[in-house]
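Trainee: Sequence unavailable; structure follows:
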């Protein structure tokens, strides 16, 4: 009996070690937590999404795309590169439409569209947020003199701000810190403030490092779905995208492993995330690969 019990324990430990090694432990944990959460009827049902464009190289770029945002007014995607200081415009099928050189920035990792021609850029190491106007047809913009905010939280090099998303309903900027520790922040009172107005800045931590819902190895991007108020968090190292409701409960999950979501190969390094008005999901992955996922039935 003792030998049988020992064998079972060793088998369970071995299975847990394999799950951890393959980074599948986070997917299993979130799946289990979703079954514990209250019933919810406005989930995006990420588990039903299927890739209709996958691992498509973005022609015309020499450096890796590091962030992604959807501009509903132009019907196009915008991204930044983490090497050459470029902001690029892409079609919804991943074709390069325009390059915009950005002067005065270093290590761009996050990007979100606010309204009109306004965007916010995040620098990873310095944790500086920069509000910038990108005119139609512009080939270059200079951020010198542009409104900026440096937060400087847990400064630890290449593990800083990785993703941005604009919350139009609550007029706040959502920010993810990659790891050591993982953080999800809401920054209010920065975007749209007039130069001669007093700054009423408020920074709130939405998900703390010890949050029972935040079980991921890293955070590489995020996107807020305005219609439901649900937050999408992307993890490169855990190979998954998770939908959280406004109460912080995980509601659905899209695994980025081969065989999940119609993927023929595992997404190698997911770096940017965006969603359009038709609820189509867009991912960019190093090195310069473009993915689009469409909702299922």
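Mentor: Structure received. Everything quoted here is computed from the prediction, not taken from an experiment.

Trainee: rest of the way, CA atoms for contacts and neighbours
Mentor: Noted.

Trainee: which of the residues in stretch 248-267 are buried?
Mentor: Applying a neighbour-count criterion of 16 or more other Cα atoms under 10 Å, one finds 248-257, 260-263, 267 buried in stretch 248-267.

Trainee: Give the residue spans of the chain that score low on pLDDT.
Mentor: The chain contains residues with pLDDT under 70 at 1-41, 155-159, 208-215, 297.

Trainee: Counting neighbours, what do you get for residue 44?
Mentor: When neighbours are defined as other Cα atoms under 10 Å, residue 44 has 21 of them.

Trainee: So it is in contact with residue 254, correct?
Mentor: No - using Cα atoms under 8 Å, residue 44 is not in contact with residue 254; the gap is 10.5 Å.

Trainee: quick one, what contacts the closest residue to residue 91 other than its chain neighbours?
Mentor: Sequence neighbours aside, residue 76 is the residue nearest to residue 91 in space, at 5.1 Å (criterion: Cα to Cα, 6 or more residues apart in numbering). Under the criterion of Cα atoms under 8 Å, 6 or more residues apart in numbering, the contact list for residue 76 reads 70, 89-92.

Trainee: Among the residues you listed, name the buried ones.
Mentor: 70, 89-90, 92.

Trainee: ok, now how distant is residue 264 from residue 92?
Mentor: Using Cα to Cα, to the nearest Å, we find residue 264 at a distance of 21 Å from residue 92.

Trainee: err, residue 79, not the other one
Mentor: 12 Å.

Trainee: ok, now residue 227?
Mentor: Taking Cα to Cα, one finds residue 227 at 20 Å from residue 92.

Trainee: Tell me how many other residues surround the nearest residue to residue 230 once chain neighbours are set aside.
Mentor: Distances taken as Cα to Cα, 6+ apart put residue 245 closest to residue 230, at 4.6 Å, once the chain neighbours are dropped. Look at residue 245: counted by other Cα under 10 Å, it has 19 neighbours.

Trainee: what does residue 240 give?
Mentor: 22.

Trainee: Okay, and the beta partners of it?
Mentor: Note on residue 240: beta-bridge partners by DSSP bridges are residue 235, residue 255.

Trainee: Any idea what the residue nearest the centre of the chain is bridged to?
Mentor: Taking Cα atoms, centre = their mean, the centroid of the chain lies closest to residue 221, which sits 1.7 Å from it. Judged by DSSP bridges, the bridge partners of residue 221 are residue 234.

Trainee: Make JSON lines from the buried ones among the contacts of residue 76 and add distance to residue 101 to it.
Mentor: Shown next, in JSON lines, are the buried ones among the contacts of residue 76 (distance: Cα to Cα, whole Å):
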{"residue": "70", "distance to residue 101": "19"}
{"residue": "89", "distance to residue 101": "12"}
{"residue": "90", "distance to residue 101": "15"}
{"residue": "92", "distance to residue 101": "21"}
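
Trainee: any idea which of these is closest to residue 175?
Mentor: residue 70 (16.2 Å; Cα to Cα).

Trainee: Residue 137 versus the closest one, what's the distance?
Mentor: For residue 70, the distance to residue 137 - Cα to Cα - is 17 Å.

Trainee: for residue 229, same thing?
Mentor: In terms of Cα to Cα, residue 229 sits 32 Å off from residue 137.

Trainee: Which of the two has more residues huddled nearby?
Mentor: Each of residue 229 and residue 137 has its neighbours counted (other Cα under 10 Å); residue 229 has more, 14 against 9.

Trainee: Leaving out sequence neighbours, find the closest residue to the more buried one.
Mentor: Spatial nearest neighbour of residue 229, excluding adjacent residues (Cα to Cα, 6+ apart): residue 246 at 6.2 Å.

Trainee: That neighbour contacts residue 226, doesn't it?
Mentor: No - if you go by Cα under 8 Å, residue 246 and residue 226 don't touch, sitting 11.2 Å apart.
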